[in-house]
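Chemist: mind looking at a prediction? Sequence and model below.
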Amino acid sequence: MRMTIEVDEALVATATKIAKLQNSTVEEVLSESARRSITSFRPYEMRNGIPLLPARADGKTVTVEMVNALRDEE
């Protein structure tokens, strides 16, 4: 599909460098970058109007008790 869009000059310059390194076209580089960005998009869960950060697989749960203990150390 063809369409006309405005792209920042610095982005085009970077895409041009990448295209030369990968022996591909600027269009292919921009399409692949957009595809990766769109497919990895995950909307943030909101709580009380504030976006929550996604939990990491190796992350630990921070409890109120842990926060209070750290606060009381000061």
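Modeler: Nice, thanks for sending it over.

Chemist: show the model's pLDDT score for L70.
Modeler: In the prediction, the pLDDT value recorded for L70 is 94.

Chemist: count the residues that sit near it.
Modeler: By other C-beta atoms under 10 Å, the residues close to L70 number 10. In this view, the C-beta of every residue, glycine as well, is placed from N, C-alpha and C.

Chemist: now swap in V29 and tell me
Modeler: V29 - counted by other C-beta under 10 Å - has 20 other residues nearby.

Chemist: mind checking what secondary structure it has?
Modeler: helix (DSSP: H, G, I helix; E, B strand; the rest coil).

Chemist: surely it and I18 touch.
Modeler: Yes: at 5.0 Å, V29 and I18 qualify as touching, with contact defined as C-beta atoms under 8 Å.

Chemist: OK, contacts around A19?
Modeler: Counting by C-beta atoms under 8 Å, 6 or more residues apart in numbering, A19 makes contact with T25, V26, E28, V29.

Chemist: drop anything exposed from those residues.
Modeler: Buried subset of the contacts of A19 (neighbour count, 16 or more other C-beta atoms under 10 Å): V26, V29.

Chemist: in stretch 13-24, what's buried?
Modeler: Result for stretch 13-24 [16+ other C-beta under 10 Å]: buried residues A15, I18, A19.

Chemist: and L53, its phi and psi?
Modeler: Torsion angles at L53 (phi, psi; degrees, to the nearest 10) stand at phi -80, psi 150.
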